[in-house]
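**Student:** whatever this is, show me its structure:
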Amino acid sequence: MISSFFKSKFKKDNDIVHAHNIPAALAMKNATGKKILTLHGIFSKQIDELHGKTTSNISERYEKNALNWADAITVVSKEAHKHYTKLGFHVQQIPNGIDIVSLPTKEDKRFENQIIFAGRLSKEKGIFILLDIAKKIPKDMHLIILGSGPEENKVREIAKSYSNVHFLGYQSKENTVALIRGSEILIQPSLMEGISSTLLEAMACNTTIIASNVGGNKEILENNHSGILVNSNNSESILNQILELMKDSNKKKKLAENAFNEVKKYDWEHVGKLYLDIYESLLNQSK
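**Tutor:** Numbering: from 1, shown residues only. Purely as a prediction, here's the structure:
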């Protein structure tokens, strides 16, 4: 946040400055040009979950200031749209998008029964639920964990203790997509979530998804149609669903096919145009 603040301070003659998430708003405020702020979740709730109420109260004040600095505000989920509209802000919802055509086509299948988690290794992403699953998953199923974050050491410890748990750390986009393509199931046990690019990528890769029934997950996926949604903070439910799907290849295949058909509306060819409309509207205001 601090480094981007100083970088933007000396960059002039911007037409549009597009900041993502509340911490980036300070650099946005400092820059020239029309300002658009995109929120990928409910910032104060995320801070509350990670750092407690005192820090959350401080973050709420900064959040309100940041929202007032923007000429336009977008959010990726209906949940966030409802929250910020209720606070009195004019907000437009534009979901995350992916460029389906340009996704790497390579498949990396390292194990016969391959399950994957790809994301930030932190509390709000459900990492402690994931680690509980890792301890209980049958030995003939292999769990690959990708990512980095504050709980990385705990993940490393589990991977050392269980031969069917494989921590690969942070991976490039190309490697991550290849591993998702090679996996039977992607799991996402988040406690809170916007519109997850990882879920969209898994849908585009024809990989079956089990995710917590929170935030944008329930906007992207329809339970038992395009994925499996389970109650958050419940490792047993996720584990049971993994075991069931591994025994039912027809259901697994059908869920993946339905998800692939659904993900097309999140393609950048559509989503990108929605952002361009906002850019053009902002530029027209200054003429």
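**Student:** I'd say Y275 and I94 touch.
**Tutor:** Yes: if you go by Cβ atoms under 8 Å, Y275 and I94 touch, sitting 6.4 Å apart. Quick note: C-beta positions are derived from backbone N, CA and C, even for glycine.
**Student:** now do the same contact list for the residue nearest to the spatial centre of the chain.
**Tutor:** With distances taken as Cα atoms, centre = their mean, the chain has S196 as the residue nearest its mean C-alpha position (2.8 Å). Taking Cβ atoms under 8 Å, 6 or more residues apart in numbering as the criterion, S196 is in contact with 96, 119, 188, 190, 211, 216-217, 220.
**Student:** and if we set it to 10 Å?
**Tutor:** Contact analysis of S196 by Cβ atoms under 10 Å, 6 or more residues apart in numbering lists 40, 76-77, 96, 118-119, 125, 188, 190, 202, 209, 211, 215-217, 220-221.
**Student:** so which of these are in strands?
**Tutor:** Secondary structure from DSSP state E places 118, 188, 209, 211 of those in strands.
**Student:** coming back round to it: shared neighbours, Y275 and I94?
**Tutor:** Going by Cβ under 10 Å, 6+ apart, residues that sit against Y275 and also against I94 are 38, 74.
**Student:** hey, which helix or strand in this protein has the poorest pLDDT?
**Tutor:** helix 43-51 (a mean of 69; mean pLDDT, DSSP states H and E).
**Student:** after that helix, next one along is what?
**Tutor:** helix 53-69 (DSSP states H and E).
**Student:** okay, buried residues for that following helix please.
**Tutor:** Neighbour-count burial for helix 53-69 flags 56, 59-60, 62-63, 66-67 (criterion: 16 or more other Cβ atoms under 10 Å).
**Student:** which among those residues gets closest to S4?
**Tutor:** Relative to S4, the closest of the buried residues of helix 53-69 is A66; by Cβ to Cβ it sits at 13.4 Å.
**Student:** surely the closest one meets T38?
**Tutor:** No: using Cβ atoms under 10 Å, A66 is not in contact with T38; the gap is 11.8 Å.
**Student:** mutual contacts of the two, please.
**Tutor:** 19, 21, 24, 73.
**Student:** which of those residues sits closest to Y170?
**Tutor:** N21 (19.2 Å).
**Student:** correct me, but the closest one touches S59?
**Tutor:** No: taking contacts as Cβ under 10 Å, N21 lies outside contact range of S59: 11.8 Å.
**Student:** who touches both of those two?
**Tutor:** 43, 46, 66.
**Student:** for the second one, give its distance to L131.
**Tutor:** Going from Q46 to L131 by Cβ to Cβ, to the nearest Å gives 20 Å.
**Student:** element containing N153, please.
**Tutor:** Under the assignment here (DSSP H and E), N153 is part of helix 152-161.
**Student:** pLDDT of that helix, averaged?
**Tutor:** In this model, helix 152-161 carries a mean pLDDT of 96.
**Student:** and the helices in this structure, which stretches?
**Tutor:** 2-9, 25-30, 43-51, 53-69, 78-86, 127-136, 152-161, 173-181, 197-204, 217-220, 235-247, 249-263, 268-285 (DSSP state H).
**Student:** so which of those comes closest to E107?
**Tutor:** Comparing those by Cβ to Cβ, helix 173-181 comes nearest, at 4.2 Å.
**Student:** the domain parsing of this structure - what is it?
**Tutor:** Per automatic domain parsing, the domain ranges recorded for the chain read 2-97+267-285, 100-265.
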